[in-house]
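Student: Next come a sequence and a model predicted from it.
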Amino acid sequence: MAAPAILITAFVVIGGMATALAQSLGLFPLVGPPSLTVAAYAAQASDLPVGIGLSLAIAAASTVVACLVGFTAALVIVQGRWCGKLVAALGTLTVPVPHIVGAASVSLLLADSGLLARLFNAGGSWPELVGGPWWIGVVAEYGWKESAFVALVVTGTLATRAVSYDETAALLGAGRLSRLRHVLLPLSLPTLTVSATIIFVYSLGSYEVAWLLGRAYPEPLPVMALRLFNAATLTARPEAAAVAIVTTLLSFGAVAAALAYLRRSTLWR
Amino acid sequence: MRRFGIRRIRFGTFIAGAAAALLVLSACSAPAPAQQSFASWDQVVVDAKGQTVRLWMYGGDEQGNAYVDKDLIPAAATLGVTLQRVPVADTRDALNRVLTEIQAGTRDGTVDLVWVNGDNFGTGKQAGAWSCGWTSQLPNMLLTNSSDPLLGNDFGTPVQGCEAPWSKAQFTIAYNSATVTDPPHTLAGLLDWAQQHPGRFTYPAPPDFTGSVFIREGLDSVSGGDKNVPLRFDQKAFDRLTPALYSRLKELAPSLWRQGKTYPKTSAELNTLYAGGQVDFTMTYGPAELTKLVADGTYPAATKVLTLNEGTVGNASFLAIPSTSGHKAAAMTVANLALSPEQQAAKADPRVWGQYTVLDTARLDPAQRALFEQLPQSAVVPSYDVLSRNANPELSAAWVPALDDAWRRLVLAGR
């Protein structure tokens, strides 16, 4: 039954990755004869560590923000009332907004000459949120968009699995905090882990938000790959493929770590 | 125009016929060229009917988009050619598409015509991305000056009929005369001004096209004029000339916008900074856009063009046909149409696009010349003659990535 889906996915993923790998190893040069070489990796060896560090940091910060905000929002949604409905509606509205539109909006809102800076008439004292040294605009955009995703997914889990346990614990006299610690958090942990992995891998591999809201240097890996891919130098294409392969390996690493963690978790089954 | 046109076409037919005969003879000894060629211009016009041409061009210039949509596309339709404009964020995207199509062995690609020049043209030519030797068949090529250096070499890459000229451009720096009361008159003076007024100047980070030109302007300036910089790239000249450039730019960096710790990534970002009053200077390779931006209030009303004593670099931009295009005849027809005096004059109108013509007005008949003489003058941008005074040639394309990479390494990453 699953064969067609697996075939299509495998064709795209394995085919695309094999092409990228071959290109990064110099087997598909635009000019000159193909030869097996790691020159493309070596050429970017000085920029790669910085790019890897920055990409991991942005992805980690975005994931933490999204999970904290999203989990809190899910708790508010699950407790019902008008406030929960409002948060649920806001979350539902946020999910279909494309990231590039979100990034453009964040830039209009938070940039030096953006809406907020003008509203508060901050002039030169506005903090460097967009294009600044701490990549706050980028993390804010991922955090905002993905927290809605976390909120909706975790709400699904809590609504179906947690409510009865929560009520039982309450009847047995558990306070709010202890119910959060001993009932709600453990029950949502697998869902949270899966969501966090998706967010981490997504923000690690997507370029448009970091490109629009980031600074020129240092660059996260996807921005670096795209710059090299678009470079006028013909030898830069294998280097772009090399950066893409490194990004893919990091993503695989993150997914593998998350799966290993879930396997040990008793709640997974 | 018509009468002249017909005579030219007949002459062109003769030449092309002779060339075809020669080709047939030479085909005995050499393998036939893979690229489609035409016996005569008449045949091109006939073949073009009913074909669709997808013109890939930088889509960030609204006036350029409007000119193509409202003038060029209807004019092409009267010739039986469906012209479609494909906007791209950067011309490199179009080149990349062609390179990918070449890698995939495509013969009927999605790109039929590209607005291109400089390093993209040079790179594409190196990779065999362009059809070559077709521009001499265009009747309107006779209206250009064949010895014009801007049309014979594109950033040092010989054009060799691989692209048809379209527009001329002049690198231009604009400033807000309300805040800059003591405008400098040389590029060195501009850098000094920036140092005396911290935070009020910056430039786009190469490899952005405009930022990259600014670096080359800087190289000319610190080397004591463009005459001291060889147009052809050679590593010795690079090693000798560029340390002064990068040390000057590094020295300047702390006085730039955001202390030079970061730069606008694109010229559009610099334009936004200028429009928002965060910096006092902006720069562009398309000075025509200034008129409209000042008129609609995007830019400060006091915006003026900074004329530099040593001149600025100028270049021409072209229309190239990818070797993967399956609609070569129609693409040639559009390239010829774009070169016609009527289209060139419409494009040069500052209310339309304001792109300077590549035609040699001395070769036009009085009626054609009148089209250009009737064009209104802009209040912000001086005429091409003034703007291109002391114009410097563009360095060869091989300089561009070398200068950009070293800038990234030494100036951007060095802070």
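Tutor: Received it, and whenever you're ready, just let me know what you need.

Student: Tell me the secondary structure at the residue in chain A positioned nearest to chain B.
Tutor: Nearest residue of chain A to chain B: A:Ser113, at 3.4 Å (Cβ to the nearest Cβ). No exception for glycine: its C-beta is placed from N, CA and C like everyone else's. Using DSSP: H, G, I helix; E, B strand; the rest coil, the secondary structure recorded for A:Ser113 is coil.

Student: Phi first, then psi, for it.
Tutor: Note on A:Ser113: backbone dihedrals following degrees, to the nearest 10 are phi -110, psi 30.

Student: same deal with B:Thr52?
Tutor: phi -110, psi 130.

Student: if we can go back for a sec, return the distance of the closest residue in space to the residue of chain A closest to chain B that isn't next to it in sequence relative to A:Phe71.
Tutor: Spatially, and ignoring its direct neighbours in sequence, A:Ser113 is nearest to B:Gly276 (3.4 Å; Cβ to Cβ, 6 or more residues apart in numbering or on different chains). Applying Cβ to Cβ, to the nearest Å, the value for B:Gly276 to A:Phe71 is 38 Å.

Student: Compare these two (neighbour count), which wins?
Tutor: A:Phe71 (24 against 14; other Cβ atoms under 10 Å in any protein chain shown).

Student: Please report how far that one lies from A:Val65.
Tutor: 11 Å.

Student: now A:Asn121
Tutor: 28 Å.

Student: okay, the closest residue to B:Gln377 other than its chain neighbours: pLDDT?
Tutor: Nearest residue to B:Gln377, sequence neighbours excluded (Cβ to Cβ, 6+ apart): B:Ser383, at 6.7 Å. B:Ser383 carries a pLDDT score of 83 in this model.

Student: give me the number of residues near B:Ser383?
Tutor: When neighbours are counted by other Cβ under 10 Å, B:Ser383 comes out with 11.

Student: Outside of the helix or strand hosting B:Phe214 itself, list whatever touches it.
Tutor: Per DSSP states H and E, B:Phe214 falls inside helix B:209-222. Outside helix B:209-222, the residues within contact range by Cβ atoms under 8 Å, 6 or more residues apart in numbering or on different chains are B:90, B:118, B:171, B:186-188, B:191, B:203-206, B:226, B:228-229, B:241-242, B:244-245, B:248-249, B:263-264, B:267, B:270, B:283-285, B:310, B:312-313, B:392, B:394-395, B:399-400, B:403-404, B:407.

Student: Mind giving me the PyMOL select for those, buried ones only?
Tutor: The PyMOL command for the buried members of the contacts of helix B:209-222 (criterion: 16 or more other Cβ atoms under 10 Å in any protein chain shown) is given here:
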select buried, chain B and resi 90+118+171+187+188+191+203+204+205+206+226+229+241+242+245+248+249+263+264+267+270+283+284+285+310+312+313+392+394+395+399+400+403+404+407
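
Student: Show me the contacts of helix B:209-222 that map onto helices.
Tutor: Using DSSP state H, B:118, B:187-188, B:191, B:241-242, B:244-245, B:248-249, B:267, B:270, B:399-400, B:403-404, B:407 are the members of these that sit in helices.

Student: and those residues near chain A, which?
Tutor: B:Val400 (Cβ under 8 Å from any Cβ of the partner chain).

Student: How about A:Ala236: what's its closest non-neighbour residue?
Tutor: Excluding the flanking residues, the one nearest A:Ala236 by Cβ to Cβ, 6+ apart is A:Leu228, at 4.6 Å.

Student: Quick check on B:Val381: phi, psi?
Tutor: phi -100, psi 130.

Student: Could you report the neighbour count for it?
Tutor: 23.

Student: can I assume it is in contact with B:Gln355?
Tutor: No - B:Val381 lies out of contact with B:Gln355 (Cβ atoms under 8 Å); the separation is 11.7 Å.

Student: For chain A, what's the nearest residue on the stretch 251-400 of chain B?
Tutor: B:Gly276 (3.4 Å).

Student: count of residues packed around A:Ser62?
Tutor: 27.

Student: Pull out the buried residues from the strand or helix carrying it.
Tutor: Per DSSP H and E, A:Ser62 falls inside helix A:48-78. Of the residues in helix A:48-78, A:48, A:50-52, A:54-56, A:58-63, A:65-67, A:69-71, A:73-78 count as buried by neighbour count, 16+ other Cβ under 10 Å.

Student: Can you point out the buried residues in the helix or strand following that helix?
Tutor: Counting by DSSP H and E, the next helix or strand C-terminal to helix A:48-78 is helix A:81-94. Using 16+ other Cβ under 10 Å as the test for burial, helix A:81-94 gives A:84, A:87-88, A:91, A:94.

Student: Same question for stretch B:84-104.
Tutor: Those would be B:85-86, B:88, B:90-99, B:101-102, for stretch B:84-104 by 16+ other Cβ under 10 Å.

Student: Just give me the least confident of those residues.
Tutor: Per-residue pLDDT puts B:Asp90 lowest of the buried residues of stretch B:84-104, at 83.

Student: got a list of what that residue touches?
Tutor: By Cβ under 8 Å, 6+ apart, the neighbours of B:Asp90 are A:230, B:58, B:209.

Student: Keep the buried residues of helix A:48-78, but drop any that are not near chain B.
Tutor: Among these, chain B is touched by none when using Cβ under 8 Å from any Cβ.

Student: Show me whatever sits in contact with both of B:Val381 and B:Gln355.
Tutor: Shared contacts of B:Val381 and B:Gln355, counting by Cβ under 8 Å, 6+ apart, come down to B:Ala288.

Student: ok, and what's touching stretch B:127-135?
Tutor: A:30-31, A:234, B:35, B:37, B:95, B:98-99, B:102, B:121, B:123-125, B:141, B:159-164, B:320-325, B:328, B:332, B:335.

Student: Which residues of the stretch 1-150 of chain A lie near chain B?
Tutor: Counting by Cβ under 8 Å from any Cβ, the stretch 1-150 of chain A sits next to chain B at A:28, A:30-31, A:112-113, A:124, A:128, A:131-133.

Student: got a list of what the nearest residue to B:Thr202 once chain neighbours are set aside touches?
Tutor: Of all residues not flanking B:Thr202 in the chain, B:Trp257 sits nearest, at 3.8 Å (Cβ to Cβ, 6+ apart). Each residue near B:Trp257 by Cβ under 8 Å, 6+ apart is listed here: B:199-202, B:263-264, B:273, B:278-279.

Student: my read: A:Ala174 touches A:Val183, true?
Tutor: Yes - the criterion here is Cβ under 8 Å, and A:Ala174 meets it with A:Val183 at 7.4 Å.

Student: Can you give me every residue that contacts B:Tyr203?
Tutor: B:210-211, B:214-215, B:256, B:263-264, B:270, B:283.

Student: any chance of those residues in a markdown table, plus pLDDT?
Tutor: What follows is the contacts of B:Tyr203, written out as a markdown table (pLDDT from 0 to 100):
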| residue | pLDDT |
| --- | --- |
| B:Thr210 | 92 |
| B:Gly211 | 95 |
| B:Phe214 | 96 |
| B:Ile215 | 96 |
| B:Leu256 | 95 |
| B:Tyr263 | 93 |
| B:Pro264 | 92 |
| B:Leu270 | 94 |
| B:Met283 | 95 |
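
Student: Report the two of these separated the most.
Tutor: Across the contacts of B:Tyr203, the longest distance by Cβ to Cβ is 15.5 Å; it joins B:Thr210 and B:Leu256.

Student: among the buried residues of stretch B:84-104, which are in helices?
Tutor: Those of the buried residues of stretch B:84-104 lying in helices (DSSP H): B:91-99, B:101-102.

Student: filter the residues you listed by proximity to chain A?
Tutor: B:92-93, B:95-96, B:99, B:102.

Student: now, among the residues you listed, which is nearest to chain A?
Tutor: Using Cβ to the nearest Cβ, those come closest to chain A at B:Arg92, 4.4 Å.

Student: wait, isn't the closest one in contact with A:Asn230?
Tutor: Yes - taking contacts as Cβ under 8 Å, B:Arg92 lies within contact range of A:Asn230: 4.4 Å.

Student: ranges for the strands of the stretch 201-350 of chain B?
Tutor: Under the criterion DSSP state E, counting those that start in this stretch, the stretch 201-350 of chain B carries strands at the ranges B:281-284, B:303-306, B:314-320.

Student: Great, nothing more from me.
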